[in-house]
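Q: got a sequence here, can you build the structure:
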Amino acid sequence: MITLWFLAIAAYSQKYDYVWLMGQNSQMTIEHSGTIIDFSALPPDISYEFRDMNFLQVNASICDTAGNLLFYTNGIYIANALGEPMQNGFGLNPGPHAETWQDYGYILDQGAMVLPVPENTTQFYVLHMDKELDESIPTLYSKHFYYSLIDMSEGGGLGAVLQKNKVILENYLDQGKLTAIRHANGRDWWVLARKYGTNQYFRISISIKGIQVLNIQETGSPIPSNSIGQAVFSPDGTKYASINVAGIIGDPIHVNIYDFDRCSGQLSNQVQFTYADTASCAGIAISPNSRFLYVSSFRYLYQYDLWASDIEA
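A: Here you go, the predicted model:
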């Protein structure tokens, strides 16, 4: 099985994304221990450690401008650079799902990310989604898209959570797939959130005015209801792509590619196709030069040329 790792946040000009954390704390072995990938070295340095926080799917972290780890989260709570719970850091994503998985980490692909607050050197937004069960279908979806505000000048320099679980959106949302891209002004951020089973996207602007939900955009064809998958912006901000598993093991995997306007936050020119798989596994990434799209299945990794007139071919 091929695992596709990628950056959830495109176009970072500083070293905010230099440390990746993943894994469990149960055993000090390569297979099971807490893993650190540090990109301050070339090639990146991979090491292992015991840590109190477990990661199953949600993992988000942020560094300072020198690449030093500041804090991280597994969707259940936020830990500081020492691995200790941050002041007021417990209680993310309240509800039955968090209660069930509190010892292991929240289960939601791309369920959280961290962004620096524009024009502020000490504050960060943790953006995170919950997961709920609609028993009438039945299906899983995200009902709440939250933010929590961190200030690193608090807590003796180790940070504190000033605001927690503040609702950005309450809707029937595609679960997870949180990713961001810089606005064309080089200061602000764009984030997209899709309504479950539709072709409708909320545009979220993160600027010096705060977090604002702009009007919803309807574009292209609907995407299958089941929400397992990932999303990514190209590093140059011209493309947005997502991958969705249709719902049943062995069903086709759906790929959707759009042009993206970093000034307006609008999507256009959808390209949609499917490929076969033998399990519900799906990862997606775009190359550093923004030309090649990579998608994974249970056994294979596929490459598509985004500059081609016929991308699927």
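Q: how much space is there between Gly34 and Met22?
A: 8 Å (C-beta to C-beta, to the nearest Å). The C-beta positions use only the backbone N, C-alpha and C, and glycine is treated the same way.
Q: one more: Arg291?
A: 28 Å.
Q: what does Asp261 give?
A: Distance from Asp261 to Met22, by C-beta to C-beta: 33 Å.
Q: looking at the two, which one has more neighbours?
A: Higher neighbour count among Asp261 and Met22: Met22, with 17 against 14, using other C-beta atoms under 10 Å.
Q: can you verify my assumption that the more buried one contacts Ser61?
A: No: in this structure Met22 lies outside contact range of Ser61 using C-beta atoms under 8 Å: 9.7 Å.
Q: give me the pLDDT for Ala11.
A: For Ala11, the pLDDT comes out at 47.
Q: make that Asp52, sorry
A: For Asp52, the predicted pLDDT is 89.
Q: ok, now the one 5 residues further on?
A: Listed pLDDT for Gln57 reads 91.
Q: quick check, it in contact with Asp109.
A: Yes: using C-beta under 8 Å, Gln57 is in contact with Asp109, at 5.5 Å.
Q: just the strands in the stretch 151-300 of the chain please.
A: Assigned by DSSP state E, counting those that start in this stretch, the stretch 151-300 of the chain shows strands spanning 160-173, 180-182, 189-194, 200-207, 210-218, 229-233, 239-245, 253-260, 267-275, 283-286, 292-296.
Q: could these go into a markdown table alongside mean pLDDT and distance to Leu82?
A: Shown next, in a markdown table, are these (pLDDT from 0 to 100; distance: least, C-beta to C-beta, whole Å):
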| stretch | mean pLDDT | distance to Leu82 |
| --- | --- | --- |
| strand 160-173 | 98 | 14 |
| strand 180-182 | 97 | 27 |
| strand 189-194 | 97 | 28 |
| strand 200-207 | 98 | 28 |
| strand 210-218 | 96 | 29 |
| strand 229-233 | 94 | 31 |
| strand 239-245 | 92 | 36 |
| strand 253-260 | 94 | 38 |
| strand 267-275 | 94 | 41 |
| strand 283-286 | 93 | 31 |
| strand 292-296 | 94 | 35 |
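Q: out of those strands, which is closest to Phe90?
A: Between Phe90 and these, the tightest spacing by C-beta to C-beta is seen for strand 160-173, at 8.9 Å.
Q: what is that closest one packed up against?
A: strand 85-90, strand 123-129, strand 139-151, strand 189-194, strand 200-207, strand 210-218 (3 or more C-beta pairs under 8 Å, 6 or more residues apart in numbering; DSSP states H and E).
Q: low-confidence ranges in the stretch 1-150 of the chain?
A: Of all residues in the stretch 1-150 of the chain, those with pLDDT under 70 make up the ranges 1-13, 26-32.
Q: go again with 90.
A: By pLDDT under 90, the low-scoring segments of the stretch 1-150 of the chain are 1-14, 23-35, 41-42, 47-52, 56, 133-140.
Q: now the helices for it?
A: Along the stretch 1-150 of the chain, counting by DSSP state H, counting those that start in this stretch, helices occupy 96-100.
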